[in-house]
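A.B. asks: take this sequence and fold it.
(2 chains)
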Protein chains: 2
Amino acid sequence: MLLRVEPVEIAGEIRPGDDLGKILAEAAEPEDGDVIAVAHTVVSKAEGALVDLSEVEPSDLARRLAERLGKDPRVMEVILREAEGIVKVGRDVIITEVRGGIVCANSGVDESNAPPGHVVTLPEDPDRSADRIRERIRELTGADVGVVITDTQGRAFREGVVGVAVGASGIPVLADRRGDRDLYGRELQVTVVAVGDLIASAAELVMGQADEGTPAAVFRGLKDKLKRFEGPERASALVRDPERDLFR
Amino acid sequence: MLLRVEPVEIAGEIRPGDDLGKILAEAAEPEDGDVIAVAHTVVSKAEGALVDLSEVEPSDLARRLAERLGKDPRVMEVILREAEGIVKVGRDVIITEVRGGIVCANSGVDESNAPPGHVVTLPEDPDRSADRIRERIRELTGADVGVVITDTQGRAFREGVVGVAVGASGIPVLADRRGDRDLYGRELQVTVVAVGDLIASAAELVMGQADEGTPAAVFRGLKDKLKRFEGPERASALVRDPERDLFR
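C.D. replies: Residues are numbered from 1 along each chain as shown, chains lettered A, B, ... in the order given. I've put the predicted structure just below:
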């Protein structure tokens, strides 16, 4: 199969209350079977998941951690409020668990691309956000698309950030290949592929960050090609149960 | 930019001594600026990085770990021989550090897609392997391509495997975006993108595993599009220094 991935240009800034499904439908012109990946920051902004730092009073803990990590104490306070647990505190980064069990740096609180004096948080329920965008696109265009809401995350053991799926609708995010055979007819060892994260990483190759105005990407016809895979369609399925995690 | 990713079909099995650069040149018909991603297993097989298990005598440690993890003691012996350090031992997996500092499950020793009675190991020096493939393709076709040698790896905190670059030549594997600005003209927070791993993950979306005969993918024209990025061109640069790693 040939994979075609195109950047999706969104002119201007997304503001709270904007109809992101409509904006994506107009910009991407999706057809049945396409998959749209969109950066969580624009989803969060459309949903009003923004915090005005002038209204944040940092706790003592936030002040101490902010000093240690060289951060704004008000931003650290938002990071702590978003966290359900603290996984690690390093010299210049705090790794937390947020709602839904996602483990990420700074609770996913983003200072880039937020309006001045604000930070962007993760959407309240990214899988539901993906559902809403998908439903709105179907309503407007008739097209049944897949939707992946992306974030960029660092990893243990490796440098640099990659794309991950924090929300999904209409595509399998984990592909279970159990029962598939290798070249010699034996069952495969590696059986579960994180398709949602592969899509998010592929999207990062074409999505402009920052001032480039392309916070989304469209994969033409991908959804049909994923039909060979079966698996859960919620990005929350990509989060490992802490009891099964060697690094917790 | 539009991204086009095509699977590359390789008929039959790769054997030690096969001219993989030539095979890829004929199958992918690469042009200047293309990037070829190829699964490390076929690189290893062409280079003879195979171990005949009938010649392996497991140590006592290999036997004990094999029993604990439910593995063949001879496979465990190969895993330990390939390891420069043991990072974690779980209930059903051993995470090790191999040459070049790559951290992975089972030292990258692969039982799938190996000839009967054998296992496949990682290439001796995957960056050098990528150089050789790139040079051979240039020799045969005149095309200056990028090469990424891929593996699939599990992650801390998340389910499923994704693609990672274990070898690279001719493309930046880490893109430093320091100095880039966000929508509001501020410097970006997240500054280093693991482009090599993004390519490996995008390739996984089209590469067949197992019996599908498509262990490689070609990204048309990607190399030129990566010119906006600057960074190291060796996949070894993707390996985090243990002293900078929160999870070591």
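A.B. asks: from here on, contacts and neighbour counts on C-alpha atoms
C.D. replies: Will do.
A.B. asks: hey, what's the residue nearest the centre of chain A bridged with?
C.D. replies: Residue closest to the mean C-alpha point of chain A, counted by C-alpha atoms, centre = their mean, is A:Thr150 at 2.5 Å. Per DSSP bridges, the residues bridged to A:Thr150 are A:Ala39, A:Ala165.
A.B. asks: so who does it touch?
C.D. replies: A:37-40, A:163-167, A:200 (C-alpha atoms under 8 Å, 6 or more residues apart in numbering or on different chains).
A.B. asks: which stretches in chain A count as strands?
C.D. replies: Under the criterion DSSP state E, chain A contains strands at A:3-8, A:35-39, A:50-52, A:83-89, A:94-98, A:103-105, A:118-120, A:146-153, A:162-169, A:175-176, A:192-193, A:216-220.
A.B. asks: where in chain A is pLDDT low?
C.D. replies: A:178-179, A:183, A:186-190, A:209-212 (pLDDT under 70).
A.B. asks: switch to 80 and redo it
C.D. replies: A:1, A:113, A:177-191, A:208-212, A:228-229, A:247-248 (pLDDT under 80).
A.B. asks: from chain B, how far out is the residue in it sticking out farthest from the centre?
C.D. replies: Note on chain A: the largest C-alpha distance from the chain mean falls to A:Tyr184, namely 37.4 Å (C-alpha atoms, centre = their mean). A:Tyr184 sits 7 Å away from chain B, going by C-alpha to the nearest C-alpha, to the nearest Å.
A.B. asks: quick one: that residue and B:Asn113 touch, right?
C.D. replies: Yes. Using C-alpha atoms under 8 Å, A:Tyr184 is in contact with B:Asn113, at 6.5 Å.
A.B. asks: which residues touch the residue farthest from the centre of chain A?
C.D. replies: B:113-116, B:211.
A.B. asks: tell me the one of these nearest chain A?
C.D. replies: Nearest to chain A among the contacts of A:Tyr184 is B:Asp211, at 4.4 Å by C-alpha to the nearest C-alpha.
A.B. asks: which parts of chain A are helices?
C.D. replies: Assigned by DSSP state H, the helices in chain A fall at A:20-28, A:40-47, A:60-69, A:73-82, A:126-141, A:195-206, A:222-225.
A.B. asks: so what's A:Ile36 up against?
C.D. replies: A:Ile36 touches A:145-148, A:216-219, counting by C-alpha under 8 Å, 6+ apart.
A.B. asks: so the closest residue to it other than its chain neighbours bridges to which residues?
C.D. replies: Spatial nearest neighbour of A:Ile36, excluding adjacent residues (C-alpha to C-alpha, 6 or more residues apart in numbering or on different chains): A:Val218 at 4.5 Å. Bridge pairing for A:Val218 (DSSP bridges) gives the partners A:Glu6, A:Ile36.
A.B. asks: you'd agree A:Val218 is up against A:Ala28?
C.D. replies: Yes. A:Val218 lies in contact with A:Ala28 (C-alpha under 8 Å); the separation is 6.6 Å.
A.B. asks: pull up the overlap in contacts between these two.
C.D. replies: A:Val8.
A.B. asks: which phi and psi does A:Ala11 have?
C.D. replies: As for A:Ala11, its main-chain torsions (degrees, to the nearest 10) stand at phi -80, psi 140.
A.B. asks: any idea how far A:Arg248 is from chain B?
C.D. replies: 8 Å.
A.B. asks: quick one, what contacts that residue?
C.D. replies: So, once contact is read as C-alpha under 8 Å, 6+ apart, A:Arg248 ends up touching A:87, A:242, B:157.
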